[in-house]
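**Student:** compute the structure for the input listed below.
(one chain, ligands or ions: 1)
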Amino acid sequence: MFSLNNSPLQTIVLNLQPQFLLSSRESLDGGRLAVQVDDKFVKIRNLKVSLEGGVDSREKLLEFCFDYCYWSVDPADPHYASQEEVFQDLGVSVLSAASEGYNVCLFAYGQTGSGKTYTMMGTPDSTGLTPRICRVSDAICSCSFLEIYNERVRDLLRGGEQKNRPSLRVREHPEKGPYVQDLSQHVVSDCKQAMDLLEEGIANRITAATHNHDASSRSHAIFTIQYTQAILENNLPSEIVSKINLVDLAGSERADPNYSRDRLTEGSNINKSLVTLGIVISALAQNSHMSSSCQSINSVASEGDGSMVGSNSSSLSGGGRRHCFIPYRDSVLTWLLKDSLGGNSKTIMVATVSPSVNCYNETLSTLRYATHARNIVNKPRVNEDPNVRLIRELREEIDRLKSMLLGFEMRNLSPSLSDERDGSLSEIVLQNELKVTHML
Ligand SMILES: Nc1ncnc2c1ncn2[C@@H]1O[C@H](COP(=O)(O)OP(=O)(O)OP(=O)(O)O)[C@@H](O)[C@H]1O
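**Tutor:** Now for the predicted structure:
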């Protein structure tokens, strides 16, 4: 499912069940659906209702392609996608990438009430991706759970009164990237402990009733599982550390002047971070697009006339085409997700949409958002212990130099030149071997 080097951000679209849709809006939309799923394609029809109530002949059909599309509108439908099916496709690949030593991020984005929390957390009768991932991962790991509410970070697992919890600072480590200072880390040795932490954090999360959803998440929640695997590499004990970020974003909703001041501030902060997320995604997509077109121009040039390569690459790198600045730090959410967006992580974006005719505009905007995200190319790498990596690289260098030495011996070079080169190569080999012995 994932490519090993550059990894495009995976985009998935999910449709929610009709019960919720019909119960809240049936009077408005009559339960008509604007969305269809056909294999990896989502089709959205703009049903313009004329004044008489008939269907306008100008109805428009738009089509979007994603890595996976799921239809979970009617359980009786033979194409109905259950939570288990979604887990088998997405959760299992998240776990296998983490076990290989990659950082992984899975985040749900979509209109309020469209099924983000249902997908990420689920309900007691129908568990979502996060508890399923916790249940399967029986290795020793550590977990943390935070929420971003009104641009402030709160620890969801610190105990005590939610409103008395201090907000935590986000800092940036030069190598490990952004992190939350003083966020509690909880070592768990089985899935039951991880599940308990997850439930504790969910209970502490801030929700409120909005027009579209009685228990709308008013904060972005990030549940992180960090695995540390002890391995033996080249007979050396080593560690591979990988991180899984499971993100349930807050729902966006248009501001209503009848809301209280607190609710309006909350809404504007949610919108601010979602808008920044949108800007970051667009800028990254544009940069990835630019890099890939540079690469393809260069490869076409190198296949054709070799002299073109230099001129092309210099005009592209030195000329007007600059990579966009990515405003990660404009919101806490994008700052914390910096690595997951365009960095060292395999990332899956799950876009949830309502199939209702009444949600046409929001659904279309979510589909466009996800299409942009699909163009982002991340650069995941296995998180190796730096000392072990150095030893491995030195050993590789020793092998390379040894084979060079052998090559010189085989060739019949003039004895003096050969001796000179052999001498300096042998010296480098010796130095590297000494370094390796020193490090063991
Ligand atoms: N595929 C589904 N099958 C059954 N019920 C669903 C499905 N998707 C969503 N629901 C139900 O719809 C309601 C709203 O879903 P959910 O809370 O996941 O929305 P949300 O996108 O997280 O909303 P918000 O952004 O406001 O927090 C919930 O009661 C949820 O259980």
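**Student:** so which strand or helix has residue 93?
**Tutor:** Here residue 93, judged by DSSP states H and E, is contained in helix 92-99.
**Student:** for that helix, what is the average pLDDT?
**Tutor:** The pLDDT scores in helix 92-99 average 89.
**Student:** got the angle for the helix or strand following that helix vs helix 92-99?
**Tutor:** Per DSSP H and E, the first helix or strand lying C-terminal to helix 92-99 is strand 104-110. Relative orientation of strand 104-110 and helix 92-99, computed by axes from the mean of the first three to the mean of the last three C-alpha atoms, to 10 degrees: 150 degrees.
**Student:** contacts for strand 104-110?
**Tutor:** 90, 94, 97-98, 115-117, 119-120, 129, 242-249, 251, 274, 277, 337, 339-340, 345-353, 366, 369-370 (C-beta atoms under 8 Å, 6 or more residues apart in numbering). For the C-beta atoms, the positions are set from N, CA and C on the backbone; glycine is no exception.
**Student:** list the strands paired with that strand, with their directions.
**Tutor:** Strand pairing for strand 104-110, determined by DSSP bridges: strand 236-248 (parallel), strand 346-353 (parallel).
**Student:** quick check: closest non-adjacent residue to the closest residue to the ligand within the stretch 151-300 of the chain.
**Tutor:** The stretch 151-300 of the chain approaches the ligand most closely through residue 251 (2.0 Å), counting by C-beta to the nearest ligand atom. With C-beta to C-beta, 6 or more residues apart in numbering as the criterion, residue 251 has its nearest non-adjacent residue at 2.8 Å, and that residue is residue 112.
**Student:** the one you found: neighbouring residues, count only.
**Tutor:** Neighbour count for residue 112, taken as other C-beta atoms under 10 Å: 21.
**Student:** distance of it from the ligand?
**Tutor:** 4 Å (C-beta to the nearest ligand atom, to the nearest Å).
**Student:** can you give me the pLDDT of that residue?
**Tutor:** 85.
**Student:** quick check, stretch 184-204 touching the ligand?
**Tutor:** No - Stretch 184-204 stays clear of the ligand (C-beta under 6 Å from any ligand atom), getting no nearer than 11.4 Å.
**Student:** where does the prediction get shaky in the stretch 201-350 of the chain?
**Tutor:** The stretch 201-350 of the chain contains residues with pLDDT under 70 at 207-216, 233-234, 252-268, 270, 291-322.
**Student:** let's go with 50 and repeat that
**Tutor:** 297-319 (pLDDT under 50).
**Student:** strands of that one, start to end?
**Tutor:** With strands called from DSSP state E, counting those that start in this stretch, the stretch 201-350 of the chain shows them at 207-208, 216-217, 220-233, 236-248, 346-353.
**Student:** for the third one, buried residues please.
**Tutor:** What that stands for is strand 220-233. Within strand 220-233, the residues scored as buried using 16 or more other C-beta atoms under 10 Å are 220, 221, 222, 223, 224, 225, 226, 227, 229.
**Student:** those residues: which ones sit near the ligand?
**Tutor:** Near the ligand, by the rule C-beta under 6 Å from any ligand atom, you find none of the buried residues of strand 220-233.
**Student:** of those, closest to residue 205?
**Tutor:** Nearest to residue 205 among the buried residues of strand 220-233 is residue 221, at 5.7 Å by C-beta to C-beta.
**Student:** surely that closest one meets residue 247?
**Tutor:** Yes - the criterion here is C-beta atoms under 8 Å, and residue 221 meets it with residue 247 at 7.1 Å.
**Student:** which residues touch the helix holding residue 93?
**Tutor:** Everything outside helix 92-99 that qualifies as a contact, by C-beta under 8 Å, 6+ apart, is 1-2, 104, 106, 129, 133, 136-137, 225, 227, 229, 242-244, 346, 348, 380.
**Student:** what about the residue lying closest to residue 194 once chain neighbours are set aside, how many residues nearby?
**Tutor:** Counting by C-beta to C-beta, 6+ apart, residue 194 lies nearest to residue 134, which is 4.0 Å off, once chain neighbours are set aside. Neighbour count for residue 134, taken as other C-beta under 10 Å: 26.
**Student:** quick check: residue 134 is in a strand.
**Tutor:** No - applying DSSP: H, G, I helix; E, B strand; the rest coil, one finds residue 134 to be helix, outside a strand.
**Student:** okay, now the nearest residue to residue 34 once chain neighbours are set aside: neighbour count?
**Tutor:** Leaving aside its chain neighbours, residue 34 sits nearest to residue 357 (4.5 Å; criterion: C-beta to C-beta, 6+ apart). Residues lying near residue 357 (other C-beta under 10 Å) number 21.
**Student:** would you map out the domains in the protein?
**Tutor:** The chain resolves into domains spanning 7-292+330-384, 388-439 when parsed by automatic domain parsing.
**Student:** tell me which of those sits most buried.
**Tutor:** domain 7-292+330-384 (a mean of 18; mean count of other C-beta atoms under 10 Å).
**Student:** which residues are in contact with residue 345?
**Tutor:** Contacts of residue 345 by C-beta under 8 Å, 6+ apart are 102, 103, 104, 105, 245, 339, 378, 380.
**Student:** please repeat the previous calculation with a cut-off of 6 Å.
**Tutor:** With contact set as C-beta atoms under 6 Å, 6 or more residues apart in numbering, residue 345 has these partners: 103, 105, 339, 378, 380.
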